[in-house]
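Undergrad: What follows is a protein structure lacking sequence information:
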């Protein structure tokens with residue numbers, strides 16, 4: 001019997017049989033792992049509550065030919081508890097979990113930088129020191145950078161010229177000067193590009209002082225750029241982008257079926 005331990009963040013769960021679950025975890029050393037957890041849907045389960053999305057958990061696995069088996073689970077930080085009570089933070093966190101899973105496409109491939117980004121992003125959301133959408137956009141930009149897809153923001157994506165960047169072309173790789181601008185490129189405000197760069201670099205003083213219109217424009221560009229690079233869109237982003245007057249409950253964001 002081969003046993004191994006790792007710490008990770010639970011990304012999502014799926015039903016398996018009558019009482020079990022498949023748990024997808026982004027781990028510190030082993031990258032993304034899908035493992036079975038026996039009996040966790042029973043009310044008397046010893047560690048069912050420890051294997052919920054957002055939980056930072058220490059796990060022991062039993063290695064098998066198909067799905068590995070989770071044999072022990074100890075909670076390190078229950079990030080889900082404070083997030084589920086706050087709709088903006090909950091939906092931002094859900095989009096972060098989904099993005100982390102999509103950007104770690106290969107199972108059991110090391111993904112330490114992505115793990116640390118997600119851990120830091122969830123911690124920042126829980127602390128509540130910044131607007132949840134800013135935290136999400138910073139996480140998305142940095143995750144793209146880790147994946148090798150960071151957009152050009154302070155120089156033209158085509159010619160490398162600095163200054164007077166007046167366009168943003170997703171397919172071309174980011175900001176562009178007037179001479180290189182392709183047809184159909186977006187025309188964001190200069191302050192929007194500055195905000196995106198601040199989020200990528202972690203300049204929270206600049207980001208927190210930004211105007212609402214530039215945050216909205218930034219979020220649209222970041223979401224479009226991310227989803228262009230992925231085979232499938234990030235479904236949870238549509239909940240993040242809801243208008244403020246729409247219902248703010250977590251009931252309509254359900255567990256993905258097996």
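TA: That came through, no problem. Please read all numbers here as calculations on a predicted model, not as lab measurements.
Undergrad: can we go C-alpha only for contacts and neighbour counts from here?
TA: Fine.
Undergrad: what's downstream of the helix or strand harbouring residue 141, the next helix or strand?
TA: Taking DSSP states H and E as the definition, residue 141 sits inside helix 132-146. Using DSSP H and E, the helix or strand that follows helix 132-146 in sequence is strand 165-169.
Undergrad: what sits up against the helix holding residue 141?
TA: 88-89, 92-93, 95-96, 99-100, 103, 113-114, 117-118, 121, 124-125, 150-151, 196, 199-200, 202, 207, 215, 218-219, 222, 226, 240 (C-alpha atoms under 8 Å, 6 or more residues apart in numbering).
Undergrad: Of all the residues in it, which ones are buried?
TA: 132-144 (16 or more other C-alpha atoms under 10 Å).
Undergrad: same question, stretch 193-207
TA: Under 16+ other C-alpha under 10 Å, the buried positions of stretch 193-207 are 193-200, 204, 207.
Undergrad: Compute the first-to-last residue distance for it.
TA: 11 Å (C-alpha to C-alpha, to the nearest Å).
Undergrad: Stretch 198-212 now?
TA: Note: stretch 198-212 ends 15 Å apart using C-alpha to C-alpha.
Undergrad: Report the rounded mean pLDDT for it.
TA: Here stretch 198-212 scores 98 as its mean pLDDT.
Undergrad: Mind listing residues that contact that stretch?
TA: Residues outside stretch 198-212 that contact it (C-alpha under 8 Å, 6+ apart) are 130-131, 134, 137-138, 141-142, 195.
Undergrad: Next, format those residues as JSON lines and append pLDDT and distance to residue 58.
TA: Converted to JSON lines, these look like this (pLDDT from 0 to 100; distance: C-alpha to C-alpha, whole Å):
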{"residue": "130", "pLDDT": "97", "distance to residue 58": "28"}
{"residue": "131", "pLDDT": "97", "distance to residue 58": "29"}
{"residue": "134", "pLDDT": "97", "distance to residue 58": "29"}
{"residue": "137", "pLDDT": "98", "distance to residue 58": "28"}
{"residue": "138", "pLDDT": "98", "distance to residue 58": "26"}
{"residue": "141", "pLDDT": "98", "distance to residue 58": "28"}
{"residue": "142", "pLDDT": "98", "distance to residue 58": "25"}
{"residue": "195", "pLDDT": "98", "distance to residue 58": "36"}
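Undergrad: show me where the stretch 151-258 of the chain has helices.
TA: When secondary structure is read from DSSP state H, counting those that start in this stretch, the stretch 151-258 of the chain shows helices at 190-201, 204-208, 212-229, 237-240.
Undergrad: Just the buried residues of the contacts of helix 132-146.
TA: 88-89, 92-93, 95-96, 99-100, 103, 114, 117-118, 121, 124-125, 150-151, 196, 199-200, 207, 215, 218-219, 222, 226, 240.
Undergrad: Got phi/psi on residue 7?
TA: When read as degrees, to the nearest 10, the backbone of residue 7 gives phi -100, psi 150.
Undergrad: Now do the nearest residue to it once chain neighbours are set aside against residue 78, distance only.
TA: Counting by C-alpha to C-alpha, 6 or more residues apart in numbering, residue 58 is the residue found nearest to residue 7 once chain neighbours are left out, at 4.2 Å. Distance, residue 58 to residue 78, by C-alpha to C-alpha: 12 Å.
Undergrad: any shared contact partners between these two?
TA: Going by C-alpha under 8 Å, 6+ apart, no residue sits against residue 58 while also sitting against residue 78.
Undergrad: in the stretch 1-150 of the chain, which spans are helices?
TA: For the stretch 1-150 of the chain, the helices defined by DSSP H, counting those that start in this stretch occupy 80-83, 87-102, 112-127, 132-146.
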